[in-house]
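>>> need a structure here:
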Amino acid sequence: MINKLKMLGEYVQKNEGDNNSFNLNNTLESANVIVLNFFLDENDCYFKEIDIYEYDKAKREKVLLIKDVKGNKVSSFPTVFIDAKGIDKSLKKLNRILKVCKLINPKLSSLSHLFNKDYLDWVKSLDDAEVNDQQGSLFEKKSYNYLNKISDFVSQDNSNLCTIHINGEYVGDSKYFQPIKENYLTSIDKDYYEKYSTISLGERIHCYTCGCVAKKLYGFCSTFKFYSANETAYIAGGFQKNKTWKNYPVCPTCANYLRLAKEKLNGNLNRYFYGNKYFLIPTPTLDRGDFYENLKDIEEDFRDIALSKKEESNQQLRNELEEDIFETLASQKDQATFTFFFYKASNSEFKILQEAEDILPSRFQKIIDAKKKVENFDEFLNLRGLYKKGESHNLSFNFGIIKTFFPSSFNNDFLDITTKILKDQKISKTFITHQISEHLAKGFRNEALYHDIEKAMIFLKILYELNLIEHTKGKMEIKMENKYEDYFKNHPEFYDADWKKAVFLTGVLAQNVMDIQYQNRNATPFRSRLNGLKLDSRAIKRLLPESIEKLEQYKSNYYYELEESIAKLMESGEPELKQQSVDEISFYFAIGMNLNKQFKSKKETEGENNE
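Numbering: from 1, shown residues only. Below you'll find the model as predicted:
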């Protein structure tokens, strides 16, 4: 991971240079900028007026909006985000920033005073009569106006920034902030070796990243906060704060590479994936001089296929963007590998959730080809109500389908399965089947399956197609020439044993019973015989005679061929059926229930409708 970041940073340094030395916000594309204009000289300082303009990314070094300012920390420059409900909070931030600035340049003291809390509270306490009193100073009147009119300039449709101009100049151009800029640049590396009022610097040892011996090495160069120096431990530096350079020594050159790589990732390579954030880290397969051109192409493509958290619920958009991402990565033709780095960041904590390393573009192409193959089966076409009530859509495989059976409470398992699919690693079929069976049973009890059986089928079919789950054939002795066998031949990976066919067809028959009950009674009492879709071999054996008995009671037994097929398959597959888990038996039974209409003849359908 660290070596990949270093390599990425080297390419950025070589081709772009360090064009963001102030660590400015590169991702902001548009904003409404509220400018507080002040006059300042050696004798006086006062507010003049409020201006407003559209943010121009080309002027970022003039505005100096620093990114990643979190928690109780403040920016080094007086430019902050603002909203209509948080104006006072934003002014307090400006006050804290200017308090620090005046320590570096005392000439800003009078400006800092205008943002002092006591002064602001006093000005806000004035009423219109006091302000308009001729004895009120121009200074007070204008301060009153800027405090009470900022909200008039806040946009409801865009991000809002609040910054200051001094004598008509941007913060980045003003001579008053030149010492602050110089101080900021000299302190950047300081964060890599000074924290917690402690200095951690090593000398003349090997850099962990590049392996070279350096004159000095930093002890706090944690690009992402992988470890803490707050506790002692029995390792090299013992996590004594001043000796952390022994645990992870990084030379100044590599520290800069890692910083540039982090900025690049936070730009267009930081994405959202079913409740998880991830970095996409591209790495050349060889030391390729043209890799930077590939990197620019990938960045440009990714700029157009971003998925925000609020768009997660839009399943169709999510599917399209996921396909676009895979096609973009597959198009690289093994000139680079890609690492999916899933993480969780909150305040000062950075937690690695999962890492899928070194995925070749050819792997993405293989997944795309498998998707196209399995999505063409009839069972996944024209599903009514799949995405929108009253409409029909085709079901396509995406990783959100896995999330159906591995929701947020199983997020680690979801990411583990995702990683194994990407890396071509075997997955436990027993574990997958258990989760699917649990989910289907819950949906059955709540009468809310919502095409989840089709989703389970396409999930397993993609795993079979990619050869990621075991495929063990069972006893197959019964030969049939009927519509049921035609269906089984289309899905040989599912129906490779007589017991599986028997259970599936029993599910078909049970659903036929319930369809007839609903026609006659507008209810399906036979559901109570299905054990909440938790079925073992004994339950399956009793369901055949019970189903036949119910059909005879309703004088509606149109399914003699089906019943005969079940009996033959059951007799052949019973020894193996007794050895199967409740999860797998219940799964095949549920598929049969779901697909029962596919096997009804015109005569059978007419018979049911005449009930």
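
>>> mind listing what Arg204 touches?
213-215 (C-beta atoms under 8 Å, 6 or more residues apart in numbering). For the C-beta atoms, the positions are set from N, CA and C on the backbone; glycine is no exception.

>>> domain parsing for the chain?
2-21+189-258, 32-186, 269-430, 472-609 (automatic domain parsing).

>>> shaky segments in the stretch 1-150 of the chain?
Residues of the stretch 1-150 of the chain that meet the criterion pLDDT under 70 lie in 18-21, 66-73, 84, 120, 123-148.

>>> could you pull out the strands for it?
Listed in chain order, the strands of the stretch 1-150 of the chain (DSSP state E, counting those that start in this stretch) span 32-40, 45-54, 79-81.

>>> The shortest one: partners in the sheet, and parallel or antiparallel?
I take that to be strand 79-81. strand 160-166 (antiparallel) (DSSP bridges).

>>> quick one: buried residues of the next helix or strand after the strand it pairs with?
Next helix or strand after strand 160-166 toward the C-terminus (DSSP states H and E): helix 178-187. Within helix 178-187, the residues that count as buried by 16 or more other C-beta atoms under 10 Å are 180-181, 184.

>>> quick revisit: export the domains of the chain to a markdown table and tack on distance to Asn446?
As requested, the domains of the chain are exported to a markdown table (distance: least, C-beta to C-beta, whole Å):
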| stretch | distance to Asn446 |
| --- | --- |
| domain 2-21+189-258 | 41 |
| domain 32-186 | 40 |
| domain 269-430 | 15 |
| domain 472-609 | 10 |
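
>>> nearest to Asp452, of these?
domain 269-430 (6.3 Å; C-beta to C-beta).

>>> what's the span of the closest one, first residue to last?
35 Å (C-alpha to C-alpha, to the nearest Å).

>>> now stretch 39-53
19 Å.

>>> Kindly report the same for stretch 112-119.
Using C-alpha to C-alpha, the two ends of stretch 112-119 sit 10 Å apart.

>>> neighbouring contacts of that stretch?
Taking C-beta under 8 Å, 6+ apart as the rule, stretch 112-119 contacts 38, 45-47, 91-92, 94-95, 98-99, 101-102, 143.

>>> run the last query once more with 7 Å
45, 47, 91-92, 94-95, 98-99, 102, 143 (C-beta atoms under 7 Å, 6 or more residues apart in numbering).

>>> quick one: which two of the residues you listed are the most distant?
For the contacts of stretch 112-119, the farthest-apart pair by C-beta to C-beta is Cys45 and Lys92; their separation is 19.2 Å.

>>> At which residues are the helices of the stretch 401-550 of the chain located?
Read by DSSP state H, counting those that start in this stretch, the stretch 401-550 of the chain holds these helices, from start to end of the chain: 411-423, 429-445, 452-465, 483-490, 498-521, 537-553.

>>> Turn those into JSON lines, columns for distance to Phe302, mean pLDDT and mean neighbour count.
JSON lines is the format used below for the helices of the stretch 401-550 of the chain (distance: least, C-beta to C-beta, whole Å; pLDDT from 0 to 100; neighbours: other C-beta atoms under 10 Å):
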{"stretch": "helix 411-423", "distance to Phe302": "17", "mean pLDDT": "96", "mean neighbour count": "19"}
{"stretch": "helix 429-445", "distance to Phe302": "30", "mean pLDDT": "93", "mean neighbour count": "19"}
{"stretch": "helix 452-465", "distance to Phe302": "24", "mean pLDDT": "95", "mean neighbour count": "22"}
{"stretch": "helix 483-490", "distance to Phe302": "38", "mean pLDDT": "92", "mean neighbour count": "15"}
{"stretch": "helix 498-521", "distance to Phe302": "43", "mean pLDDT": "94", "mean neighbour count": "23"}
{"stretch": "helix 537-553", "distance to Phe302": "50", "mean pLDDT": "95", "mean neighbour count": "17"}
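
>>> Redo those as TSV? Include distance to Lys371.
Shown next, in TSV, are those (distance: least, C-beta to C-beta, whole Å):
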stretch	distance to Lys371
helix 411-423	11
helix 429-445	18
helix 452-465	7
helix 483-490	18
helix 498-521	25
helix 537-553	33
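
>>> Count the neighbours of the closest residue to Glu29 other than its chain neighbours for me.
Once flanking residues are discounted, Glu29 sits nearest to Lys57: 6.6 Å by C-beta to C-beta, 6 or more residues apart in numbering. Lys57 has 14 neighbours, counted by other C-beta atoms under 10 Å.

>>> And for Pro106?
What Pro106 shows, counting by other C-beta under 10 Å, is a neighbour count of 11.

>>> And it, how close does it get to Ile180?
12 Å (C-beta to C-beta, to the nearest Å).

>>> picking that back up, what's the closest of the strands of the stretch 1-150 of the chain to Gly267?
Nearest of those (C-beta to C-beta): strand 79-81, 18.7 Å.

>>> what does the closest one rub up against?
Contacts for strand 79-81 (C-beta under 7 Å, 6+ apart): 63-65, 90, 93-94, 159-163, 171.

>>> again, but for stretch 245-259
Contacts of stretch 245-259 (C-beta under 7 Å, 6+ apart): 5-6, 9-10, 13, 189, 192, 200-202, 205, 207-210, 212, 214, 216-219, 221, 223, 235-237.

>>> just how off-centre is stretch 158-169 within its chain?
34 Å (C-alpha atoms, centre = their mean, to the nearest Å).

>>> Tell me the buried residues in that stretch?
In stretch 158-169, the ones that count as buried by 16+ other C-beta under 10 Å are 160-166.

>>> what's the closest of those residues to Glu29?
Leu161 (12.6 Å).

>>> Quick one: residues contacting the closest one.
31, 33-34, 55, 65, 79, 81-82.

>>> Same check on Ser396?
Contacts of Ser396 (C-beta under 7 Å, 6+ apart): 319, 371, 375.

>>> ok, back up a step: out of the contacts of Leu161, flag the one nearest to Thr283.
After measuring the contacts of Leu161 against Thr283 - C-beta to C-beta - the closest member comes out as Leu65, at 30.9 Å.

>>> I'd like the distance between that closest one and Glu299.
Leu65 is 21 Å from Glu299, by C-beta to C-beta.

>>> So for these two, which sits in the more crowded spot?
Higher neighbour count among Leu65 and Glu299: Leu65, with 23 against 15, using other C-beta under 10 Å.

>>> got a list of what the more buried one touches?
Going by C-beta under 7 Å, 6+ apart, Leu65 touches 24-25, 28, 79, 161.

>>> Can you tell me, leaving aside adjacent residues, what's nearest to Leu295?
Pro282 (6.0 Å).

>>> Next, the angle from the helix or strand hosting the one you found to helix 411-423.
Secondary structure assignment for Pro282, by DSSP H and E: strand 276-284. Interaxial angle, strand 276-284 versus helix 411-423 (axes from the mean of the first three to the mean of the last three C-alpha atoms, to 10 degrees): 20 degrees.

>>> how many neighbours does the closest residue in space to Lys455 that isn't next to it in sequence have?
With C-beta to C-beta, 6+ apart as the criterion, Lys455 has its nearest non-adjacent residue at 4.8 Å, and that residue is Ile401. Residues near Ile401, counting by other C-beta under 10 Å, number 20.
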